[in-house]
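can't give you the sequence, but here's the structure:
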């Protein structure tokens, strides 16, 4: 526990990005627990962690070694990763304000993508 908050379980290969003074971290590999699809944020102001309460029904599946980038001040984009059986090339967008994931492009075997 840091600052009274629940610290995420140990992991490797998680995707992280900083937006508006918060670190957002998705997934990774948790050793004995396998690949993860959890989503945490860390406040640099208060030094506290919280699990992000996603309000959308859809969300990216378990994965590690995925890429993440800031789209603007309220959107984070997540690309690809490895789910334990295959490398993915799907693209997801998380809206920080609405706490919702949207699948922009599903994984495809097509090297040219699906957009």
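Thanks, I have it. Bear in mind that the values here come from a model prediction, so they are computed numbers and not experimental data.

Tell me where this protein is predicted with low confidence.
When residues are selected by pLDDT under 70, those of the chain lie in 1-4, 110-115.

Recalculate using a threshold of 90.
Low-confidence segments of the chain (pLDDT under 90): 1-6, 31-33, 70-73, 109-115.

Do you have the strands of it handy? List them.
For the chain, the strands defined by DSSP state E cover 15-19, 22-29, 35-43, 48-51, 67-72, 75-82, 87-95, 100-105.

out of these, nearest to residue 5?
strand 48-51 (3.8 Å; C-beta to C-beta). All C-beta spots, glycine's among them, are computed from the backbone N, C-alpha and C.

what packs against the closest one?
Packing partners of strand 48-51 (3 or more C-beta pairs under 8 Å, 6 or more residues apart in numbering; DSSP states H and E): strand 35-43.

picking that back up, of the strands of the chain, which is nearest residue 57?
strand 100-105 (9.0 Å).

buried residues in the closest one?
For strand 100-105, the buried set under the neighbour-count rule, 16 or more other C-beta atoms under 10 Å, comprises residue 101.

and if you look at stretch 72-91?
76, 78-83, 88-91.

returning to what we had before: okay, the strands of the chain in a markdown table with distance to residue 61 next?
Compiled in a markdown table, the strands of the chain are given as follows (distance: least, C-beta to C-beta, whole Å):
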| stretch | distance to residue 61 |
| --- | --- |
| strand 15-19 | 13 |
| strand 22-29 | 9 |
| strand 35-43 | 6 |
| strand 48-51 | 17 |
| strand 67-72 | 15 |
| strand 75-82 | 9 |
| strand 87-95 | 8 |
| strand 100-105 | 10 |
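
Go through those and name the closest to residue 7.
Short answer: strand 48-51, nearest of these by C-beta to C-beta, at 5.5 Å.

Tell me how far the closest one lies from the chain's centre.
With C-alpha atoms, centre = their mean, to the nearest Å as the basis, strand 48-51 stands 14 Å off its chain's centre.

Run a quick check on residue 89 versus residue 104, I expect a contact.
No. Counting by C-beta atoms under 8 Å, residue 89 sits too far from residue 104 to count as a contact (11.6 Å).
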